[in-house]
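1. Okay, sequence plus prediction incoming.
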Amino acid sequence: MLGVLVLGSFGSASIVKDSNDKACQPVNYWVFENGQWVQKSEPRVWWYCQEPEKARGFEGFAFKEMPYGLFKKPDPMALHQAARDLMELVGINELKGKFSTSLPSYGGMFINEEKGLIFVYVKDEKDREKIKQVSEGYKGKINVVFLKGKYSFEQLVKWKHSIEKLNGGTIKQLGITMIDADEAHNSLTIGLEEITPEKLKLLEGELEKLGIPKESVRIEKRGYMKLLADYHRARPLVGGVMIRREDAPDSWGTLGYVGFIGSTPYFVTAGHLGIWGTSGQRIYQPTVNEENYVGTVTYNPYFRDDESIPYRYSDSMLVRAYVAGSTKIYNPSPYTSSDYIVIGKKYSVDQIVGETVIKVGATTGKTTGEITNKCVTSFLSPKEDYYPDLVALYCQMETNLESAGGDSGAPVFKSYGIFVELYGILWGGTDTVSAYSPIDGIEEDLGVTLDVN
């Protein structure tokens, strides 16, 4: 039965990062404890804001040697290589429906780049030993923090898919805006547009019908993602600059990235900057006049309709460029004249909760933040009459970086100085998070793989 809402809080005594830091801004959430929904609060990226020993479910470190100290800073390259090695051991690709056979009790992984730490939820002692063996070569350069997991990641994903299969009317009635098998909480995180006793009661009923334990669910208040609509003229075209559509000259978006099929240049940007399911729109950069015509939309697929809710894997469209293009990304920093050089791309399976990413958008420029949620199902309620009332974007990424209208399409990437790896393109945001479509979701929808090197 539904109980009263009870207030709780995150232990502020364990906060070690500047409380003004955006990673440590508090977020309210609700969990089911002792027969009732309890409201609590914690920093958005909690593992950057407290000592690892204070983490809920802390079960120890893999090694005595720490990668950080008074005069010691962690090696970020070693951390990312160690994390990639662990991801290979785990063997999960949520987008492709592949789950771990080597670590059956694995419940989620995320990193702290500032301290060189990899956090892993795991239940089984044998699985902990396998993780220690894989990480042994990085001893002293990184450390693994073991957290007690209650649910396997595979089970969380199955529950997530069960909710995705609810009919659109039920999802709209509940006000569900997102669902995530949450790596950083070993829980099923559900975003609700409004949180009231009535909504929680309705949600309880649906969870019971689906056989999902209420204790596995973490609820956040989340509005629907808002689609985000410098006058820098870039020739050749590069990622991160303003673009406009001929029939909507007063609104703008951001060019995501340039790539090639053979010797022919194309670029990718947010699909909602065009019209989903259509092509042929003319694109200009940075303003609409004939000398600034740069390309034409060649593919912007409509939503797939083989499930109860129409869906895509990205908000993206492909544009054939008719001017010279470069695979570089515009760098708006006043301290350098060098643009970012793309050296490759990284798919969602290798993107890790907790790592820092950058975006360059036409409105807010260059901003940074941490990945907070991975492979999220995000529900949208388009306002236009020619779209369905409710659509889903599967396997999206969320981050706490700043964005605003006009940043849609912006490239999201990992920086190694001037060299970067593409992670995806930005498409939406709320007051607290921004969302981007990962590269593999873009390629799944557009059916092409652009050469970006």
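-> Now that the structure is in, tell me what you want to look at. Numbering: from 1, shown residues only.
2. how about the strands of the stretch 201-350 of the chain, start to end?
-> 217-221, 226-227, 237-239, 242-245, 248-254, 257-261, 264-269, 282-284, 293-299, 311-312, 317-321, 325-329, 341-345 (DSSP state E, counting those that start in this stretch).
3. Pick the most deeply packed of these.
-> Stretch with highest mean neighbour count among the strands of the stretch 201-350 of the chain: strand 237-239 (a mean of 27; mean count of other Cβ atoms under 10 Å). For every residue, glycine as well, the C-beta is placed using N, CA and C.
4. just how off-centre is that strand within its chain?
-> Centre-to-centre, strand 237-239 and its host chain are 23 Å apart (Cα atoms, centre = their mean, to the nearest Å).
5. How about stretch 120-130?
-> With Cα atoms, centre = their mean, you get 26 Å for stretch 120-130.
6. re the thing from before, for residue 435, find the nearest of the strands of the stretch 201-350 of the chain.
-> With respect to residue 435, and counting by Cβ to Cβ, the nearest of those is strand 226-227 at 9.8 Å.
7. name the helices or strands packed onto the closest one?
-> Helices and strands touching strand 226-227, by 3 or more Cβ pairs under 8 Å, 6 or more residues apart in numbering; DSSP states H and E, are strand 419-429.
8. Identify each buried residue in the strand it packs on, please.
-> Across strand 419-429, burial judged by 16 or more other Cβ atoms under 10 Å covers 420, 421, 422, 423, 424, 425, 426, 427, 428, 429.
9. can I assume the fourth one is in contact with residue 357?
-> The one in question is residue 423. Yes: the criterion here is Cβ atoms under 8 Å, and residue 423 meets it with residue 357 at 5.9 Å.
10. shared neighbours, those two?
-> 412, 413, 414 (Cβ atoms under 8 Å, 6 or more residues apart in numbering).
11. Stretch 191-203 - what's its average pLDDT?
-> Average pLDDT, stretch 191-203: 96.
12. which residues are in contact with it?
-> 2, 4-5, 30, 37, 173-179, 190, 217, 219-224.
13. I'd like to know which of the residues you listed are part of helices.
-> Secondary structure from DSSP state H places 173, 174 of these in helices.
14. Quick one: buried ones out of the contacts of stretch 191-203?
-> Members of these classed as buried by 16+ other Cβ under 10 Å are 2, 30, 37, 174-179, 190, 217, 219-224.
15. that older thread, looking at the shared contacts of residue 423 and residue 357, which has the most residues close by?
-> Within those, most neighbours by other Cβ atoms under 10 Å means residue 412, with 31 neighbours.
16. What sits closest to residue 409 if chain neighbours are left out?
-> Leaving aside its sequence neighbours, residue 409 sits nearest to residue 269 (Cβ to Cβ, 6 or more residues apart in numbering; 3.5 Å).
17. Can you get me a residue count around residue 93?
-> With other Cβ under 10 Å as criterion, residue 93 counts 17.
18. wait, what's in contact with the nearest residue to residue 311 once chain neighbours are set aside?
-> Spatial nearest neighbour of residue 311, chain neighbours left out: residue 392 (4.2 Å); criterion: Cβ to Cβ, 6+ apart. Each residue near residue 392 by Cβ under 8 Å, 6+ apart is listed here: 164, 309, 310, 311, 312, 377, 378, 379, 380.
19. among those, who's most crowded?
-> For these, neighbours tallied by other Cβ under 10 Å; top is residue 378, 26 neighbours.
20. part of a helix, is that one?
-> No: assignment of residue 378 by DSSP: H, G, I helix; E, B strand; the rest coil gives strand, placing it outside any helix.
21. who touches it in this structure?
-> With Cβ under 8 Å, 6+ apart, residue 378 has these contacts: 177, 178, 225, 392, 393, 396, 428, 435.
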